[in-house]
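Enquirer: Take this sequence and fold it.
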Amino acid sequence: MTSVAREGGNYGIANQGVFAEDGSGGFIRFGSETDLFNIYDACNFLTGKAYSLIGLTKQEILNGANLNSIITLHGSDSEADQRAISKGINFNGVRWRK
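Expert: Numbering: from 1, shown residues only. Presented below is the predicted three-dimensional model:
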């Protein structure tokens, strides 16, 4: 997803009209979730799920994401980012199998 966003031409551009030229301006739904995510929040959703699968707590994941945003000079993580990460953490459609 990151390559689609960065190489597709819409990374860092606030408005490309109704549809992004590369088609990545759509929305993604995971399983039976009722929420739709843009590509950036979908990546946050997947990040939250991945870190929860390796055993990090919700607070560790959210604090880490916020700290990363601050360190990379983007300021505090947005409410939308934190919400997408939380939704990923709580998503039951993927479980760790031994």
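Enquirer: Please count neighbours and contacts with C-alpha atoms only from this point.
Expert: Fine.
Enquirer: In the chain, which residue is most central in space?
Expert: Centroid-nearest residue in the chain: N44, 1.7 Å away (criterion: CA atoms, centre = their mean).
Enquirer: For the strand or helix carrying I89, give the mean pLDDT please.
Expert: Using DSSP states H and E, I89 maps to helix 79-90. What helix 79-90 shows for mean pLDDT is 96.
Enquirer: Mind listing what's buried along it?
Expert: D81, Q82, R83, A84, I85, S86, K87, G88, I89 (16 or more other CA atoms under 10 Å).
Enquirer: Out of those, the closest to G55 would be?
Expert: Nearest to G55 among these, counting by CA to CA, is I89 at 10.6 Å.
Enquirer: isn't that closest one right next to G55, touching?
Expert: No: using CA atoms under 8 Å, I89 makes no contact with G55, being 10.6 Å away.
Enquirer: need the helices for the protein, in chain order.
Expert: 2-7, 39-53, 58-71, 79-90 (DSSP state H).
Enquirer: And the average pLDDT for the first one is what?
Expert: Looking at helix 2-7 alone, the average pLDDT works out to 48.
Enquirer: And for the third one?
Expert: Helix 58-71 shows a mean pLDDT of 95.
Enquirer: And that helix, what's buried?
Expert: K58, I61, L62, A65, N66, L67.
Enquirer: Need the residues that contact that helix.
Expert: Contacts of helix 58-71 with the rest of the structure, by CA atoms under 8 Å, 6 or more residues apart in numbering, involve G48, Y51, S52, G75, S76, D77, Q82, I85, S86, I89.
Enquirer: Going by distance to T34, which of the residues you listed wins?
Expert: S86 (14.4 Å).
Enquirer: quick one: contacts for the closest residue to the closest one other than its chain neighbours?
Expert: Nearest non-adjacent residue to S86, counting by CA to CA, 6 or more residues apart in numbering: G48, 6.4 Å away. With contacts defined as CA under 8 Å, 6+ apart, the neighbours of G48 are I61, A84, I85, S86, K87, G88, I89.
Enquirer: Out of those residues, the closest to R97 would be?
Expert: I89 (16.3 Å).
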